[in-house]
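Peer 1: coords please:
(2 chains)
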Protein chains: 2
Amino acid sequence: MNFDYQMNPQKIETESFRQIRELTKLVHFSKDQQQVVMRVVHSLGLPHLAEQVRFSENACEAGREALAKDCPILCDVEMVKQGITKRMITQEPLCFLNDPSVAEIAKSKGETRTMAALELWRNQLKGSVVIIGNAPTALFRLLEMIDQGADKPALIIGMPVGFVGAAESKQALWNHHQQLGIECITLLGREGGSAVSSATCNALLRCNRGEYY
Amino acid sequence: MNFDYQMNPQKIETESFRQIRELTKLVHFSKDQQQVVMRVVHSLGLPHLAEQVRFSENACEAGREALAKDCPILCDVEMVKQGITKRMITQEPLCFLNDPSVAEIAKSKGETRTMAALELWRNQLKGSVVIIGNAPTALFRLLEMIDQGADKPALIIGMPVGFVGAAESKQALWNHHQQLGIECITLLGREGGSAVSSATCNALLRCNRGEYY
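Peer 2: Predicted coordinates:
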């Protein structure tokens, strides 16, 4: 049994992004936005998702600048944290989901653990990059917290996935980001997840290193 | 700013699976297969993926039996490992991608780290559950190793994602599984990833605990 397949990692990556450029319309995106959109498409294998990505006016710039200053990277779940490419960051991303206090808060309030964990984000929010790849409830709660005066992240990457609240939470982020004065990158619709949201952060980290595809 | 959203985790899960049953055709799947297919759809937010899931004849049974015996769970990347629900397993899943020897093997052979890491799987393969959620090269290499006489896993969950080799590697798994005498679950096409592949394993673990949706 002999399979003919590309096994050189550089060639795989180059050919992947060549195909993605061929399969998507990127002209209306800026240079940095294109890198993000291509990573979104790459991580889910779905070219049509290019049309569902939304950027606030200075999202890429704000995210790049914060990341260049080694800002806190706040993640809703461990898989998102795991998805950030380690060689490109100097400090570990933060995820408080498994903090012993979180299960208790969630249980007593009858809410999800992912949203309960946001109580532990408060001191880290200012100037951070927030990545929500799993939980619509965490994204809704974050918007409420900011509306009520919590510190603002430099950038919110909001890409939860699923059937209950995912599309709605991302639409809420997109509809209210200007009013709240926040920069954001989101993927409208049900699609999303930990891989695509960490890939978005990785794309900005790569831009900071001059690695463009 | 007040958002109206469901924050009770049990209600979110119940409503998600209610919607998925409404949006997909599941009648031609067995009871356990339905649980897997719904988790696949759930983890990517894409109902049409139900049509791309393939099961070998005894895939669910073989996977459930191996997992019930606390078999090794071998993962191609750390994100897959992170995706396995910890409360349902007694020993940590294995991922050798970051083993110091792997980068060296990969560099000297001019191949991907994910496929080079499979050298370290050999002693663990027998009766294991293998989960490949990222790397087509790892799936191709595994098929070659089994063809050349390596021990057989009890089940291969093969769901790499992407543009170069992903669809091809899953088609190869599906086309050759009978000839190789292996049980497998796969998701044909470009779609896949760490979340969907670990969700597939989690679905089988849930069946073993009698947690059906």
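Peer 1: Just give the number of residues close to residue A:142.
Peer 2: The number of residues packed around residue A:142, counting by other C-beta atoms under 10 Å in any protein chain shown, is 26. From N, CA and C alone the C-beta is placed, and that goes for glycine too.
Peer 1: What sits closest to it if chain neighbours are left out?
Peer 2: Ranked by C-beta to C-beta, 6 or more residues apart in numbering or on different chains and with sequence neighbours excluded, the top spatial neighbour of residue A:142 is residue A:118, at 6.1 Å.
Peer 1: Tell me how far the one you found lies from residue A:199.
Peer 2: Residue A:118 is 23 Å from residue A:199, where distance means C-beta to C-beta, to the nearest Å.
Peer 1: Do a quick rundown of the strands in chain A.
Peer 2: When assigned using DSSP state E, the strands of chain A occupy the ranges A:53-55, A:73-75, A:129-132, A:155-158, A:184-187.
Peer 1: hmm, back to that, number of residues surrounding the residue nearest to residue A:142?
Peer 2: Residue neighbour count, defined by other C-beta under 10 Å, stands at 25 for residue A:118.
Peer 1: Pretty sure it sits against residue A:145.
Peer 2: Yes: with the criterion set as C-beta atoms under 8 Å, residue A:118 and residue A:145 qualify as a contacting pair; they are 6.5 Å apart.
Peer 1: what separates residue A:105 from chain B, distance-wise?
Peer 2: As judged by C-beta to the nearest C-beta, to the nearest Å, residue A:105 and chain B stand 12 Å apart.
Peer 1: Contact partners for the residue lying closest to residue A:52 once chain neighbours are set aside?
Peer 2: Distances taken as C-beta to C-beta, 6+ apart place residue A:188 nearest to residue A:52, at 4.6 Å, with adjacent residues excluded. The contact partners of residue A:188, by C-beta atoms under 8 Å, 6 or more residues apart in numbering or on different chains, come to A:52, A:53, A:54, A:167, A:170, A:171, A:174.
Peer 1: If we use 7 Å, what do you get?
Peer 2: A:52, A:54, A:170, A:171, A:174 (C-beta atoms under 7 Å, 6 or more residues apart in numbering or on different chains).
Peer 1: Highest neighbour count among these?
Peer 2: For the contacts of residue A:188, counting by other C-beta under 10 Å, the largest number of neighbours falls to residue A:170: 27 neighbours.
Peer 1: Nearest residue to that residue in space, please, no chain neighbours.
Peer 2: Setting aside the residues directly before and after it, residue A:170 is nearest to residue A:186 in space (C-beta to C-beta, 6+ apart), at 4.7 Å.
Peer 1: Which strand residues bridge the one you found?
Peer 2: As for beta bridges, residue A:186 partners with residue A:54, residue A:158 under DSSP bridges.
Peer 1: Quick check: buried residues in stretch A:117-126?
Peer 2: Of the residues in stretch A:117-126, those buried under the neighbour-count criterion (16 or more other C-beta atoms under 10 Å in any protein chain shown) are A:117, A:118, A:120, A:121, A:124, A:125.
Peer 1: same deal with stretch A:35-54?
Peer 2: For stretch A:35-54, a neighbour-count test (16+ other C-beta under 10 Å) marks A:35-47, A:49-50, A:52-54 as buried.
Peer 1: Now the terminal residues of that stretch, how far apart.
Peer 2: With C-alpha to C-alpha, to the nearest Å applied, stretch A:35-54 spans 13 Å between its terminal residues.
Peer 1: residue ranges for the helices of chain A, please.
Peer 2: Taking DSSP state H as the criterion, chain A contains helices spanning A:9-23, A:31-44, A:59-68, A:78-83, A:100-109, A:113-116, A:136-147, A:166-180, A:194-208.
Peer 1: Mean confidence (pLDDT) on the fifth one, please.
Peer 2: Per-residue confidence for helix A:100-109 averages out to 94 on the pLDDT scale.
Peer 1: And it, what does it pack against?
Peer 2: Based on contacts counted as 3 or more C-beta pairs under 7 Å, 6 or more residues apart in numbering or on different chains; DSSP states H and E, the elements that helix A:100-109 packs against are helix A:113-116.
Peer 1: again, but for the second one
Peer 2: If you count contacts as 3+ C-beta pairs under 7 Å, 6+ apart, helix A:31-44 packs onto helix A:9-23, strand A:53-55, helix A:59-68, helix A:194-208.
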